[in-house]
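J.: predicted structure and sequence below. I'll ask about it afterward.
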Amino acid sequence: MTTTGLRITGLSKGFGNQAVLHHIDLEIEEGEFLILVGPSGCGKSTLLNLIAGLEQADAGEIHIAGHRVDALSPKDRDIAMVFQNYALYPNMTVAQNLGFGLEMQRWPRAEREARVLDVAEMLQIVPLLARRPAQLSGGQRQRVAMGRALARRPKVFLFDEPLSNLDAKLRAEMRAEIKLLHQRLRTTAVYVTHDQVEAMTLGHKIAVMNNGQIQQFGTPEKIYHRPANQFVAAFMGSPAINLLPAQWLQQDGRAVLRLAIQGVTQDWPVQDLAPGGHGAVTLGLRPENVCPAEGDEPPLGALRVIAPVLLIEPTGADTYVVVDLGGGQRLCARAYGASRARVGVPLALDLLPEARSVFDARSGLRLN
Amino acid sequence: MMWRRGLIYAPLALFAVYFAMPLLFMLLNSFKSAAELQQGGFLGWPRAPDLDAWREAWNALGGGFKNSLLLAVPVVALSSLLAALNGFVLCKLRFRGSELVFVLLLVALFLPIKVYLLPLAISLAKLGLAKSLGVLIAIHVIYSLPLALFFRNHYLGFPDELLRAARVDGAGFWALFTRIVLPLSKPVFVVVVILQFTTIWNEYLFGLVFTSGDSRPVTAALAQLGASGEGGVRQYNVEMAAALLAALPTLAVYLLAGRHFTRGLVAGAVKG
Amino acid sequence: MKTFLERWQPQLLLAPSLIVCLLFFYGFMLWTGWISLTRSGMLPSSEFVGLLQYQRLFADERWLGALGNLARFAALFVVIPLILGLLLAILLDQKLRAEGALRLIYLHPMALSLIVTGTVWRWLLDPELGLAQGLRELGLTSFRFDWLGDEDLALYTLVIAAVWQISGFVMAVFLAGLRGVDEAIVQAARLDGAEGFTLYRRILLPTLGPSLFSALLVLLPAAIKSFDLVVALTDGGPGHASELPALYMFQMAFERSRLGLGAASAMVLLMMVLSVALPYVYARQRRLRSAP
């Protein structure tokens, strides 16, 4: 039986009259890596602060490793945090920074120094121990920030957008290091980011948040391929998912999605919607599920459309082709390798039924 | 554009004379004998420069000098540390009523403390407290409370993340304040210490009223010297030497650290 | 739950200072006000007499004279340093090599006690042995300068000394304001063709509103509080010709043993300062509250 690393039930928080978090429920197992991802203002940082104990919730419970902690101060929760701007103490050396938490716990000096050395070796920052933060590079500071968290061997690691201040290359390197460290240490972790690429690559479980609520909680695969609502679909994935308005109709006893392509309607039969339903819907298709047509007939279950090309974006490995569907609608397709498309020239595209999402046009909720 | 440079430098030089002249003449004439000054020797170089004036000045002021030191050092130390604590709490520990406390301190900053002479004197009499340097120190520390606003302003820019990290690391308030906040407050401390030292050293009225005789600070001693010459023949050479003596410490501080001094003063005046 | 200590930590930490502040700044203000409403003479009494002391105060020619002096003194003490300070700031803004030395000269009076300042100028303005003597040595043998002994002009000796003391500070405020202008704006103006006078008049000086305000905020209360300078330079003399309200207050309360009268004059001084401080604080709080 796996033990619960972190469990949150009914957590709510408001500032003044404004509710920032509504009734959050979450549970992850010990050793799992949870990502909180969402746009600015969605409440992810507030949630992290509540888990850390830096702020108090208005309602709800937080359990870490089986113990209820929401009444405890940060130092009693057995957590450690890595901050966006590293928050290293400028007046202390790296060694003192690493050991500060242990000092606060009144560790004897010898043991403290041993642990600090241990952590420094793990992160390969031993030569930096006598330096001050001002003398370190961004990547080195990041490591020291992580080292400070590691030194306390907490039950839960909390990361507050730690890589946002690094340039792209360094970010990718540090991301890999964090992942390796986690695989090695197997400590429960909660990681906040607004970068959905980080979310997908780092997490065991992702909680996509918006407006103080969890829009969807699940594995990266589930979130990517079966988004629970339109927001999640649009937020995750780059380039963004195609969202097309459509009508869900019953035709001869079968369900179809009626699309308007260049002023002409086309019907696409669907099998995975509830029988007998109808109404305005939004069709979600990721660019990799829209391919330049090959052969005379579209593959089974696919819909072939023809539309003039608006934009061609080569990215080296692939090419993204954007076509104009009329009425202000665009469709982005992914072509592997180079594409023979030309701007202005009509292009035939196959819309594939795999990983197709259908959302209710009004509520945004997933229907299929 | 040589004439343009002249247009700029001419008035600057003129005013430089206005500003520099007093101290220069003071210095010059403090080395003259009283007789020489009597005979109307203002401009010239001292005929036979001697230190008599300085000796007499030191006799009159020496005790006061020591007293001012005994006064200034404890007041500056106590009031600046207290102000740092208050400024930090006011700024970073959000609580209901912090705005009110801020306003109370801001208004207090303007209040002319000379008007409190009356109630202070009456209280002292009622409590049976004798005039002393100790009492003066206490009074100065009390009326330096608005200094906290300097620190509050400075701590507005203090990174909150650092405080959160320390909380997560388990630091209580005092560990936070002494291990992290204070070491990082050196710049504002320099300004406040210079400002406070100058204010306390130069203060006259309270120093006069709340001490007596031997424990008078140097400004009171200087004023006494000036007053004693009133109505008779004034020994200006002694008075100038005495004034220079009294001014020496604050002038020295200004010469050494003046940039911080004016920067802080201007910043304090332009504060939000 | 957080312990009592934790929840009330900020208030507990501030409480001692706050209590002291309330008592010594505001409590004493009320007490002085109370005394000003009693028949206190040499000793404080508790006999309430309404506005009697204030009536006496404003019937006293000496007090009225001091108020008149304050008005004239304050006007000059504010206007002259503002003009002088602005002029010096503009001149010093020209990135001169001698800037450091000049700043030292202009600003050093700020480091001096007003007693020292008063003592120096007492000598410089002495009709027999001061600057006048120096000018006589230079050849103007019949030069006379006796403002100190002149009932009408003694007040202006205070102005000379006070302006000397404070102008450097005003200059520093304006200079900081001028230098605080974004370099990009100055460059854009230069590209648009603004140079010299025009640059200052149209671009730089208009930004000095806040600096002017800050200078005023320091100058006005300073004028009202003036005491040390008067003691050292003129002692209010000749007679009471150059007396300022703060000196009056001190003498009434401590030398003439008329506590009630002294308290009344103290209250008037307080009201004058508050009439500067309160509008400022009020406007500031309103401005901050409306701009999130």
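T.: Perfect, I can see it now.

J.: close to chain A, is stretch C:284-292?
T.: No: Stretch C:284-292 is not in contact with chain A by C-beta under 8 Å from any C-beta of the partner chain; minimum separation 12.0 Å. In this view, the C-beta of every residue, glycine as well, is placed from N, C-alpha and C.

J.: and that stretch, C-alpha only, in PDB?
T.: Taking Å, rounded to 0.1, in the frame of the first residue of the first chain, the C-alpha atoms of stretch C:284-292 are listed here in PDB:
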ATOM      1  CA  ARG C 284      -0.600  61.700   1.000                       C
ATOM      2  CA  GLN C 285      -2.900  59.100   2.600                       C
ATOM      3  CA  ARG C 286      -5.700  60.000   0.200                       C
ATOM      4  CA  ARG C 287      -3.400  59.800  -2.800                       C
ATOM      5  CA  LEU C 288      -2.100  56.400  -1.700                       C
ATOM      6  CA  ARG C 289      -5.500  55.000  -1.000                       C
ATOM      7  CA  SER C 290      -6.900  55.900  -4.400                       C
ATOM      8  CA  ALA C 291      -3.900  54.700  -6.400                       C
ATOM      9  CA  PRO C 292      -3.700  51.000  -5.700                       C
END
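
J.: what packs against the strand or helix carrying A:Val192?
T.: Secondary structure from DSSP states H and E places A:Val192 in strand A:188-193. With contacts defined as 3 or more C-beta pairs under 8 Å, 6 or more residues apart in numbering or on different chains; DSSP states H and E, the secondary structure elements packing on strand A:188-193 are strand A:4-15, strand A:33-37, helix A:44-52, strand A:156-160, helix A:196-202.

J.: now render the ones you listed as TSV, adding distance to chain C, mean neighbour count and mean pLDDT.
T.: What follows is the helices and strands packed on strand A:188-193, written out as TSV (distance: least, C-beta to the nearest C-beta, whole Å; neighbours: other C-beta atoms under 10 Å in any protein chain shown; pLDDT from 0 to 100):
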stretch	distance to chain C	mean neighbour count	mean pLDDT
strand A:4-15	13	18	88
strand A:33-37	26	26	95
helix A:44-52	15	24	93
strand A:156-160	21	24	93
helix A:196-202	30	20	89
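
J.: could you dump the ones you listed to TSV with distance to A:Arg330?
T.: Conversion of these to TSV gives the following (distance: least, C-beta to C-beta, whole Å):
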stretch	distance to A:Arg330
strand A:4-15	39
strand A:33-37	26
helix A:44-52	30
strand A:156-160	36
helix A:196-202	21
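
J.: the ones you listed: which one's closest to chain B?
T.: helix A:44-52 (6.1 Å; C-beta to the nearest C-beta).

J.: how many residues are close by the closest residue in space to A:Arg115 that isn't next to it in sequence?
T.: Taking C-beta to C-beta, 6 or more residues apart in numbering or on different chains as the measure, A:Arg115 lies nearest to A:Ala151, with 5.7 Å between them; neighbours along the chain are not counted. By other C-beta atoms under 10 Å in any protein chain shown, the residues close to A:Ala151 number 24.

J.: and for B:Ile180?
T.: Every residue meeting other C-beta under 10 Å relative to B:Ile180 is counted, giving 22.

J.: test my guess that it contacts B:Ala171.
T.: Yes: counting by C-beta atoms under 8 Å, B:Ile180 sits close enough to B:Ala171 to count as a contact (7.3 Å).

J.: now for the helix or strand in which B:Leu85 is found, which elements pack on it?
T.: Take DSSP H and E as the rule and B:Leu85 turns out to sit in helix B:52-92. For helix B:52-92, the contact count by 3+ C-beta pairs under 8 Å, 6+ apart identifies helix B:2-30, helix B:98-110, helix B:133-143, helix B:148-155, helix B:186-202, helix B:218-228, helix B:236-269, helix C:9-21 as packing neighbours.

J.: low-confidence ranges, chain C, go.
T.: C:1-5, C:291-292 (pLDDT under 70).

J.: report the contact partners of the residue nearest the centre of it.
T.: By C-alpha atoms, centre = their mean, the mean C-alpha position of chain C lies nearest to C:Ala222, the distance being 1.4 Å. For C:Ala222, the residues meeting the contact criterion (C-beta atoms under 8 Å, 6 or more residues apart in numbering or on different chains) are C:77, C:166.

J.: mind redoing it with 10 Å?
T.: By C-beta atoms under 10 Å, 6 or more residues apart in numbering or on different chains, the contact set of C:Ala222 is B:112, C:74, C:77-78, C:81, C:114, C:162, C:165-166, C:169.

J.: can you pull the domain assignment for chain A?
T.: Dividing chain A into domains by automatic domain parsing, as the record does, gives the ranges A:4-235, A:242-360.

J.: who wins for proximity to B:Gly128 among these?
T.: Evaluated over the domains of chain A, closeness to B:Gly128 peaks at domain A:4-235, with 46.9 Å, by C-beta to C-beta.
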